[in-house]
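Participant: Any chance you can model this:
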Amino acid sequence: MEEIKIKYFKDKKLTTIPKKEKNKILVLEIIKDFLKNKQETFTEKELNEAIKEIYPDYSLIRRYLIDYKMMVRDNYGKNYSFNDAEN
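Facilitator: As a prediction, this is how the structure comes out:
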């Protein structure tokens, strides 16, 4: 994981999103861990602000976290939490 941090992060900011699926998932795991250290649940605004600390395109990262089932959102799309059912 340290190798991924060195390759894709600089000064605790994501510099680029990997094209390789395997590396993209590892980067998202790092972001998930960063977010978990902040809080367990987020409103959409809180999540956007937290992601912006790492990467400017917060909507893309938020979408990836949902698509890769690392986070779930409520039926109204207003509250986000970590997917405890994840592997």
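
Participant: Return the list of helices and strands in contact with the helix or strand Asp33 falls within.
Facilitator: Assigned by DSSP states H and E, Asp33 belongs to helix 21-38. Packing contacts for helix 21-38, counted by 3 or more C-beta pairs under 8 Å, 6 or more residues apart in numbering; DSSP states H and E, involve helix 2-8, helix 44-52, helix 58-67, strand 79-82. (C-beta placed from N, C-alpha, C; glycine too.)

Participant: Taking their axis directions, it and helix 58-67 sit at what angle?
Facilitator: Inter-element angle recorded for helix 21-38 and helix 58-67: 100 degrees (by axes from the mean of the first three to the mean of the last three C-alpha atoms, to 10 degrees).

Participant: tilt between helix 21-38 and helix 44-52?
Facilitator: 120 degrees.

Participant: hmm, back to that, now render the helices and strands packed on helix 21-38 as a markdown table, adding mean pLDDT, mean neighbour count and distance to Thr15.
Facilitator: Shown next, in a markdown table, are these (pLDDT from 0 to 100; neighbours: other C-beta atoms under 10 Å; distance: least, C-beta to C-beta, whole Å):
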| stretch | mean pLDDT | mean neighbour count | distance to Thr15 |
| --- | --- | --- | --- |
| helix 2-8 | 95 | 12 | 6 |
| helix 44-52 | 97 | 16 | 15 |
| helix 58-67 | 98 | 16 | 13 |
| strand 79-82 | 97 | 17 | 24 |
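
Participant: Make TSV out of the ones you listed and add distance to Arg73.
Facilitator: Listed next are the helices and strands packed on helix 21-38 as TSV, based on distance: least, C-beta to C-beta, whole Å:
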stretch	distance to Arg73
helix 2-8	25
helix 44-52	8
helix 58-67	6
strand 79-82	5
